[in-house]
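Enquirer: give me the fold of what follows.
(one chain, ligands or ions: 2)
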Amino acid sequence: MGIWTTFLTNLGFLRKKVSILILGLDNSGKTTLVTHFLHPPAAGTAGGEPAPPPVVPTVGFSLDRFNWGNLGITVFDMSGQGRYRDFWEHFYGDADGILWVLDSSDSAHLQRTKPPILIFANKSDVPGCMTPEQCTAALGLDTIRDRNWNMIPSNAITGEGLAKGLEWLAAELSTTS
Ligand SMILES: Nc1nc2c(ncn2[C@@H]2O[C@H](COP(=O)(O)OP(=O)(O)OP(=O)(O)O)[C@@H](O)[C@H]2O)c(=O)[nH]1
Ligand SMILES: [Mg+2]
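Expert: Residues are numbered from 1 along each chain as shown. Ligands and ions are numbered 1, 2, ... in the order given. Take a look at the predicted model:
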C-alpha cells in the first residue's frame, strides 16, 4: 500500500463501509464481544485483560461503529432475548454480513440456524464446552453449500479468537461488491 493510500485509508476516505448484524441467543456473549472490538486492550495486554465496561443484557439492539483494516464497520448488536427476536428480520435486508455468536458452554443453546456466515463458538474457555467440531456437527453446518461459513472458538472476555474471526469475515466482505 502506497503512502497516499495509507494516508487516505487512515482518514477514512478509502474505507469500505459495511454493516454486520450480530445475532445469537441471549447471554451468548454478543455485547461482550462487540465491546472487545470497540475498546481493544492496550498493546501488551492483549489476551490478559477483561474487556471493560461490564455488560448488561441488551434491550432491543445497540448500534456501534469501528474500523477494521480498510473496512468501516457498523454493527447492529441485537438482543437475543425472546421478546426482541422478531426485530432481527427487519435488519437482514441492510446487513452485508451476519455474525452469529454461539454459547458453546450451553448445549441447550444449540438450535438450527441457516443464515450464519461467521459463527463464534464463544465461552470456549469454560471447562467442558463443546469443540468447534461438535458445534458444527450439532448445527448441521456441513450440509450448508450455498454460502461460505466459518466456526471460530472464542473468548469474548480475553478477546481470544475474535481477531481471527473478524479477519475472515472482513476478507469475505472485501471481496463482495
Ligand atoms: N466465560 C466466558 N464468559 C463470557 C464470554 N463472553 C461473554 N461472557 C459472559 O456472558 C454473559 C453474557 O454476555 P453478554 O455479552 O451480555 O451476552 P449477549 O449475547 O449480548 O446477551 P443479550 O444482550 O441478552 O442478547 C456475561 O456475564 C459475560 O461476562 C466468554 O467468552 N467466556
Ligand atoms: Mg447484548
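Enquirer: list the contacts of the residue positioned nearest the centre of the chain.
Expert: Nearest to the mean C-alpha position of the chain, counting by Cα atoms, centre = their mean, stands Leu99 at 4.5 Å. Going by Cβ atoms under 8 Å, 6 or more residues apart in numbering, Leu99 touches 20-23, 75, 116-120, 165, 169. Where you see a C-beta, it was placed from the backbone N, CA and C, and this is true even at glycine.
Enquirer: give me the sheet partners of the helix or strand encompassing it and which way each runs.
Expert: If you go by DSSP states H and E, Leu99 is part of strand 97-103. Its sheet considered, strand 97-103 pairs with strand 16-23 (parallel), strand 118-122 (parallel) by DSSP bridges.
Enquirer: can you tell me which of those strands is most buried?
Expert: strand 118-122 (a mean of 28; mean count of other Cβ atoms under 10 Å).
Enquirer: need the residues that contact it.
Expert: For strand 118-122, the external contacting residues (Cβ under 8 Å, 6+ apart) are 24, 28-29, 33, 97-104, 129-130, 132, 135, 139, 141, 149-156, 161-162, 165-166, 168-169, 172.
Enquirer: just the ones of those residues in strands?
Expert: Among those, the residues falling in strands (DSSP state E) are 97-103, 150-153.
Enquirer: and the least confident of those residues?
Expert: In terms of pLDDT, Leu102 ranks lowest among the ones in strands among the contacts of strand 118-122, with 86.
Enquirer: scan this protein for its longest helix.
Expert: For the chain, the helix with the greatest residue count under DSSP state H is helix 162-174.
Enquirer: which parts of that one are buried?
Expert: 162-163, 165-166, 168-170, 172-173 (16 or more other Cβ atoms under 10 Å).
Enquirer: got the angle between it and strand 118-122?
Expert: 170 degrees (axes from the mean of the first three to the mean of the last three Cα atoms, to 10 degrees).
Enquirer: so what touches helix 162-174?
Expert: 16, 18, 20, 33, 36-37, 68-71, 73, 96-97, 99, 117-118, 120, 148, 150, 152, 154, 156.
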